[in-house]
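> Structural data only, the sequence is not supplied:
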């Protein structure tokens with residue numbers, strides 16, 4: 001999957017085959033180890049085969065309020081015995097060991113079946129990056145736009161546990177990397193620097209980043225970070 005520089009590409013769409021949801025998706029957590037729904041408190045249903053969790057109550061509410069779910073979600077419905085079924089969402093990392101995908105369901109592109117890793121179609125899921133000016137430091141910082149919902153609980157750089165500040169924001173206090181998710185598009189921004197807002201590359205919604213409770217564990221570094229905002 002190629003990394004595209006989207007500087008000055010306002011119309012770039014990370015998931016061109018899918019629409020942005022009209023309502024926020026509350027049935028999935030930004031932390032894969034959560035066992036209860038952040039919104040309603042119900043226990044998550046855990047699909048042991050694919051390693052995905054979701055809230056059936058919030059999902060049922062979403063389905064009842066949405067006319068065409070497949071226009072917004074890349075979802076697979078697996079029929080089980082006794083009129084039961086399980087869902088698997090391609091926009092959320094899953095355990096591919098139990099599933100051999102042979103083609104993209106959005107465009108029909110064939111995949112190589114020689115891997116058991118989590119894979120996505122490079123035509124329908126497009127990673128991009130750019131340098132943006134921090135709203136706090138006024139310096140350029142790099143940002144990577146992921147076309148999926150990154151629900152990992154550990155930093156992908158240093159493997160340390162991430163600190164969660166909301167239902168769609170987290171950060172690594174050692175690497176100073178911020179992760180913000182868009183619940184309308186199930187995309188994730190990975191920000192390498194200090195800023196107080198983030199914009200989804202697909203729907204262009206802007207969300208505020210709360211940095212008031214951020215601590216690195218190093219008092220000198222914390223003083224430096226907070227002084228940049230004063």
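Perfect, thanks for sending it. Because the structure is a prediction, the values reported are computed rather than measured.

> can you give me the strands in the protein?
Using DSSP state E, the strands of the chain run over 3-5, 45-47, 52-54, 75-79, 85-89, 127-133, 140-146, 163-166, 169-172, 177-182, 187-192, 197-199, 206-208.

> pLDDT wise, what is residue 176 at?
On pLDDT, residue 176 comes in at 87.

> Just give the nearest non-adjacent residue to the residue nearest the centre of the chain, would you?
Centroid-nearest residue in the chain: residue 149, 2.1 Å away (criterion: CA atoms, centre = their mean). Excluding the flanking residues, the one nearest residue 149 by CB to CB, 6 or more residues apart in numbering is residue 186, at 4.2 Å. Using the backbone N, CA and C atoms, a C-beta is placed for each residue, glycine as well.

> Now that that neighbour has come up, it's in contact with residue 146, right?
No: in this structure, residue 186 is not within contact of residue 146 by CB atoms under 8 Å, at 9.9 Å.

> These two: who's more crowded?
Counted by other CB atoms under 10 Å, residue 186 and residue 146 do not tie: residue 186 has more neighbours, with 27 against 20.

> Could you pull up the residues touching the residue nearest to residue 149?
Applying CB atoms under 8 Å, 6 or more residues apart in numbering, we find residue 186 in contact with 25, 28, 73, 89, 91-92, 148-149.

> so which of these is the most crowded?
Of the contacts of residue 186, with other CB under 10 Å as the count, residue 28 tops at 25 neighbours.

> hmm, back to that, reformat the contacts of residue 186 as JSON lines; add pLDDT and distance to residue 207.
Output for the contacts of residue 186, formatted as JSON lines (pLDDT from 0 to 100; distance: CB to CB, whole Å):
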{"residue": "25", "pLDDT": "97", "distance to residue 207": "14"}
{"residue": "28", "pLDDT": "96", "distance to residue 207": "17"}
{"residue": "73", "pLDDT": "96", "distance to residue 207": "21"}
{"residue": "89", "pLDDT": "91", "distance to residue 207": "21"}
{"residue": "91", "pLDDT": "94", "distance to residue 207": "18"}
{"residue": "92", "pLDDT": "92", "distance to residue 207": "19"}
{"residue": "148", "pLDDT": "97", "distance to residue 207": "18"}
{"residue": "149", "pLDDT": "97", "distance to residue 207": "15"}
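
> returning to what we had before: would you mind saying which of the strands of the chain lies nearest residue 11?
For the strands of the chain, the distance to residue 11 is smallest for strand 127-133, at 11.9 Å, taking CB to CB.
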